Each structure stands twice: as structure tokens, then as C-alpha cells.
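Asks: here's my sequence, what's the structure:
(2 chains)
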Amino acid sequence: MTELLLDVRQLTKRFGSPAAGFLAVDNISFGVREGEIVGLLGPNGAGKSTTIFMLLDLISPTSGEIRIFGGDYRHNRDAILQKLNYSSTYVEMAPRLSVYENLLVMARLYQVPDEKKEISTYVDKFGVREFLGAQFHTLSAGQKTRVVLCKAFLNHPALLLLDEPTASLDPDVALLVRQEILESRTRGMTVLITSHNMAEVEEVCDRVLFINHGKIVSEDTPVELARKVRHIRVQLMMKDGQKRTVAFAKKAGFPVEEKDRFVTIEVDEGDIAYLLASLADQGVEYRQISIDKPTLEDYFIKMLGGGV
Amino acid sequence: MNWHRVGAMVLKNQYAFRRDVFRIFDIFWWPAFQLFIWGLFSTYLASASANRVNLVTVLLGGIIIWTFFDRASKDISLALIDELWNKNFINLFSSPLTVSEYLMGVVLISLLKLFISAAFMFLIAGAFYSVHITTFGWYFVPAAVGLTLMGWTMSLIVQACIMRWGHTVEVFIWAIATLVQPFSCVFYPLRALPEWAQTLARALPTTYLFENMRSNMMGQGIILSQLGLSFGLNILYFLVALWFFYRTFAYAKAQGLIIKNY
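Replies: Predicted coordinates for the structure are as follows:
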């Protein structure tokens, strides 16, 4: 069993007075092991960013405990932040400094040895070299995000906190970022990531914490969470027996939709065989069939009360 | 205190300063503006007045050493709002940089700018009005140090207020000098103020520095007890301001104000 690198216990954040304030994070506990990539998912205002900012010591918790690398911020702030880094689509860097100057300042703050070599490495990895001399404010949103990502990797963090890291990136660059995250994990880096891109989370995360109204409402692997959405969509492109198919689905209690030559039926995973066998018994013929397994996105929508 | 990171902050501000035309303009324009306006005014007064002795020198002396307060009170606050406006605060403080290291970095770059500004002022004052650094004698050192310290004190209070109340109170960065100046007796003696204002002025370390400057320039010597009182008050106010700044930073962290507002 690998070591618990991040240990959060009964963490609570209330803004304002105890009586009339706003409870942003409500008594959450979780741990992240060394080398794990964990997704922190939830709707806007769920408490994800507040949690990340508490993990960065930018917001003080109302109560609870955060231990990173076995220490806490009260006694080990310097040592913790030296081995941690953060990237978000929503933060910027000094606008009138060039990209290189910004990265050099950040490298000095993290006391990166051989700073020029490290900058050069990540500048190439994230395709930043072509605008290395440009002032930060002249860059596009996607370019800025790439620069901030360079900054996040400069000190080879043992724990990397990523808040929507690919939100403004082109798909090819987003792919590069995901590859870098996965590659860094092989070097032992641990990642806590928030994203609204469910496919991305499914691709890179070992585990997902789903947070809503400040509470962790579920925690599992992306596959297992998706499996909790039991309904599977079976879409048939009909050749013969469209009316019989719809009538059967309604009689069996399966939600059904009909559009042109297509019939979509929602069934539990265990009912697929029964459905197909029953349609065959009734002489129904179809040209195409597609069975869509639930994704993390379906789970996300379900958890937000949007149905499946 | 990690000097490597302090050095990083100096480097960052040095880069930013080089690119910021308005700040370069600010360093040279305001001293020149004040010297020309007040210089001409005091020259006029000197020529019209029966008491010609020292008037120009005393007024220009006031302007020159007031610059130390003016610049010190603005520069550190401007560095803070720069980071806040540019959404760079999160990057800086999610790194190992501490508040003390951040402050030390901006103080060092502020001192450098202060020296450049003062040198430029003496250059103009020497060329146009024959007022040189030697006009002040050794008193120039405690006067400059005292006014710079008081400027930093006011700046810490303004920065704390910005963290607490946000952009709306930024105007105090520019207003603080004009608020303090009338009670500091920069261009006139303490006795010229009304009684109620004299009470307030006596609570300011700056008042004693300007009273002694005039006394020194007129060859009446320096009252060391007043100088001591000025530095005593200065140190006391600085420590209170420092405490207030750190306390407000902790409050802003607790309330998420730094993240929420910027």
C-alpha cells in the first residue's frame, strides 16, 4: 500500500457569521495516495475551488485538518509548498513581463535548480517556445493556459493541483497535457484535478470524488461511478415492427423515444437480453443497433437531478 | 527569511518597472512638477518678501524630503494592487513565498526607486535653485529615514484596507499623502496651525521632522528630544501598522477575500 500523500479530515469552510454565513465545504474527509490521479468533480459552487484553495493555504479552513506530505501548513508551509504546484485556466501571470521572465521569476520562487534547463524542457513540452519572448498580456487564453501549465511543472511537484487545466485549450494541446499528466504519474507525481470535461476525467483519473453542496456525495473509480447509472440506451434503426417495438417497451415499463426510423429504449443492464429476445419473438427486424453504456457524464447529470 | 525568494521578488518588480511607462513617468514627473510649481512660487515669495533669507531653501527642502514620504507611501501599495489587478496574487502565494518575503522584495525595489527619484530631484534643485544635499547637512539622513518609515507605515495600513475592502479603497494610495501633508507642517511652522490641528500634528512623527528641518536650515540647531519623539512615534506606528497588516491578511485568508475579489 502506498503512502497517503494528502490527508484531509473533517474539513469545513464557512464564510461569514456562523448564523447567517455560507457553508462552502461541509465536513469532508478524503485521502490521496502517492502516484494517484484523483478527480474532484461537482457542479459550479459545489465547493471544489474552495477546497483547492484551502489545500494551497490561500483560504484558511474554519475547522478540520489538512496534512500534506505528512505535515500541516502551520508548521511546514515552506516544505509543503516547495513540493506542490497549481495551475488553473483562471489565473494569470504578470502581464507586462515576457513569458520567459514570468517563468524565471516563478522558478526562483520555487528555487528550481538549473532553472533555465527546466524552463526550456517545459516550454518545448507545452509548445510555448514560439511566444517565449512575448509579453504575457498579448497571449490568447489558450496560450496563457499553456504558460501557467509550464509554471505548474517547473518544480517537479510531488503533488499537483489542477483546476480546469484544459478548459481553454485546443484538443491537440489538451491531449498533450493529459499525456504529460499520465507521464508524470509514472515519475511518482500525485494529481488532484477538477474538470468539467468528463471524458478527460475518465481518461486520466484513478478515482473520482463527487462533491455537491460542500459534501462528498460519492467516491469511486470513474468506471464504477458510471456503472451506478444503471440505465443503458438501446437505439434501434428499424426495418420492420416499429409500432410493435414501441408498444412492447411501453408495456414492459421501459422509457422509450421514437424519432423517424429510430427507437431508443432505456433499460437496466440486466434487461438487455430480455428486451432483444422479446423483440425477436415478435418478429421485429432492425437494420442497426447501438448500445450506449453509461458514462461519467451520465452519472454527473444523474447526481444533479437531471435524470438519465 | 529566504533571500533567494526575496531576490526573485526584486527581479520580478525590476522587470515590471522597466516595462511600465507610467511608473517611470511617475518617478520623474511628479518630483519635477512639484519642484517647478513650488520653486517658482517660493522664488516669487522670496522676491516679494522682506524676509528673503532661507525662504526658497526652506520651501524646497520641505518639498524634497516630503518626496520620501510620498513615494514610500505609494510604491508598496501600488505593487500590491498590481498583483491583484493582474490576478497574479494566487500564483505568488501558492508558491513558498511568504508575506514577509513579498513585503521585503517590494520594499527593496521601492528603496531603489526612491534613491533614483531623490537623486533626480537634487539634480534639478541644484541646477535651478542651488539647493544641494549639503544644504540639509547630516540632518538629511534622519529626515529621509523617518519620512520613509512613516510612508511605509501608511502604505501598510492602506494595503490592509485594500485587502479588506477591495478596489473601492484604492484611492487612498494616492490620497494618503494629501491627507497627512497639511498636518505635517511641511511648508509652515506648527504654530501656524489652529489649536485643534496642532494637537493632531503633534501626534505625527513627520511634524517634528519638518520643524527641525526648518530650525536646522535657519541655523537654530536641532532639538534632539523632538527627533527622539519622532522616531519613537514612528517605530510605534510602524509596528502597529505591521500588526494590522498581518492581522488583516489572516482575516482576508479566512474570509476568502483575496480569492473572491480578485
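Asks: what about the residue lying closest to A:Gln242 once chain neighbours are set aside, which SS state?
Replies: Nearest non-adjacent residue to A:Gln242, counting by Cβ to Cβ, 6 or more residues apart in numbering or on different chains: A:Val263, 6.3 Å away. For every residue, glycine as well, the C-beta is placed using N, CA and C. Three-state call for A:Val263 (DSSP: H, G, I helix; E, B strand; the rest coil): strand.
Asks: and the pLDDT at A:Val263?
Replies: In the predicted model, A:Val263 carries a pLDDT score of 93.
Asks: dump the residue contacts of residue 69.
Replies: Just going to use chain A. A:Phe69 is in contact with A:5, A:76, A:79-80, A:83, A:158-159, counting by Cβ atoms under 8 Å, 6 or more residues apart in numbering or on different chains.
Asks: please go with chain B instead
Replies: Counted by Cβ under 8 Å, 6+ apart, B:Phe69 has contacts B:147-148, B:150-151, B:154, B:177, B:180, B:184, B:206.
Asks: backbone torsions only: list them for it.
Replies: Phi and psi for B:Phe69, reported as degrees, to the nearest 10, are phi -70, psi -50.
Asks: show me where the stretch 1-150 of chain A has strands.
Replies: A:4-15, A:22-33, A:37-41, A:63-68, A:84-88 (DSSP state E, counting those that start in this stretch).
Asks: mind exporting the C-alpha coordinates of the helix or strand that contains A:Val246 to PDB?
Replies: Per DSSP states H and E: A:Val246 is located in helix A:242-252. Output of helix A:242-252 as PDB, limited to C-alpha atoms (Å, rounded to 0.1, in the frame of the first residue of the first chain):
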ATOM      1  CA  GLN A 242     -41.600  -0.200 -35.200                       C
ATOM      2  CA  LYS A 243     -45.100   0.100 -33.700                       C
ATOM      3  CA  ARG A 244     -44.700  -3.300 -32.100                       C
ATOM      4  CA  THR A 245     -41.400  -2.300 -30.600                       C
ATOM      5  CA  VAL A 246     -42.800   0.900 -29.000                       C
ATOM      6  CA  ALA A 247     -45.800  -0.900 -27.700                       C
ATOM      7  CA  PHE A 248     -43.700  -3.700 -26.200                       C
ATOM      8  CA  ALA A 249     -41.400  -1.200 -24.500                       C
ATOM      9  CA  LYS A 250     -44.300   0.800 -23.000                       C
ATOM     10  CA  LYS A 251     -46.000  -2.400 -21.800                       C
ATOM     11  CA  ALA A 252     -42.700  -3.600 -20.200                       C
END
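Asks: next SSE after that helix?
Replies: strand A:256-259.
Asks: so which bits of chain B are right by chain A?
Replies: B:2, B:4-5, B:7-9, B:11-12, B:15-16, B:19-20, B:82-83, B:86-88, B:90-98, B:250, B:253-256, B:258-259 (Cβ under 8 Å from any Cβ of the partner chain).
Asks: chain B: helices as residue ranges?
Replies: With DSSP state H as the criterion, chain B has helices at B:3-19, B:21-48, B:55-85, B:89-93, B:99-129, B:140-165, B:171-180, B:195-202, B:205-217, B:224-255, B:257-261.
Asks: lowest average pLDDT across those helices?
Replies: helix B:21-48 (a mean of 63).
Asks: let me see the contact set for the residue in the stretch 201-308 of chain A that chain B sits nearest to.
Replies: Of all residues in the stretch 201-308 of chain A, A:Gly214 sits closest to chain B, at 13.4 Å by Cβ to the nearest Cβ. The contact partners of A:Gly214, taken as Cβ under 8 Å, 6+ apart, are A:13, A:23-26, A:28, A:46-47.
Asks: burial count for the residue nearest to B:Gly62 when sequence neighbours are not counted?
Replies: Excluding the flanking residues, the one nearest B:Gly62 by Cβ to Cβ, 6+ apart is B:Val186, at 4.4 Å. A count of neighbours around B:Val186, defined by other Cβ atoms under 10 Å in any protein chain shown, yields 22.
Asks: just checking, B:Val186 touches B:Thr67?
Replies: No: under the criterion of Cβ atoms under 8 Å, B:Val186 is not in contact with B:Thr67, lying 10.6 Å apart.
Asks: quick one: buried residues of stretch A:183-196?
Replies: A:184-185, A:189-195 (16 or more other Cβ atoms under 10 Å in any protein chain shown).
Asks: over to stretch A:62-76?
Replies: A:62, A:64, A:66-69, A:73.
Asks: then stretch B:199-213?
Replies: B:201, B:204-213.
Asks: restricted to buried residues, select the residues of chain B next to chain A in ChimeraX.
Replies: If you want just the buried ones from the residues of chain B next to chain A in ChimeraX, going by 16+ other Cβ under 10 Å, the selection is:
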select /B:2,5,8,9,11,12,15,16,82,83,86,87,88,90,91,92,93,94,95,96,97,98,253,255,256,258,259
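Asks: what is the burial count for the closest residue to A:Lys215 other than its chain neighbours?
Replies: Nearest residue to A:Lys215, sequence neighbours excluded (Cβ to Cβ, 6+ apart): A:Asp26, at 4.9 Å. Neighbourhood size, A:Asp26 [other Cβ under 10 Å]: 16.
Asks: any idea how far A:Val32 is from A:Asp26?
Replies: Noted for A:Asp26: a distance of 19 Å to A:Val32, by Cβ to Cβ, to the nearest Å.
Asks: now the closest residue to chain B within the stretch 151-300 of chain A: which helix or strand?
Replies: Closest residue of the stretch 151-300 of chain A to chain B, Cβ to the nearest Cβ: A:Lys151 (7.0 Å). According to DSSP H and E, A:Lys151 maps onto helix A:141-153.
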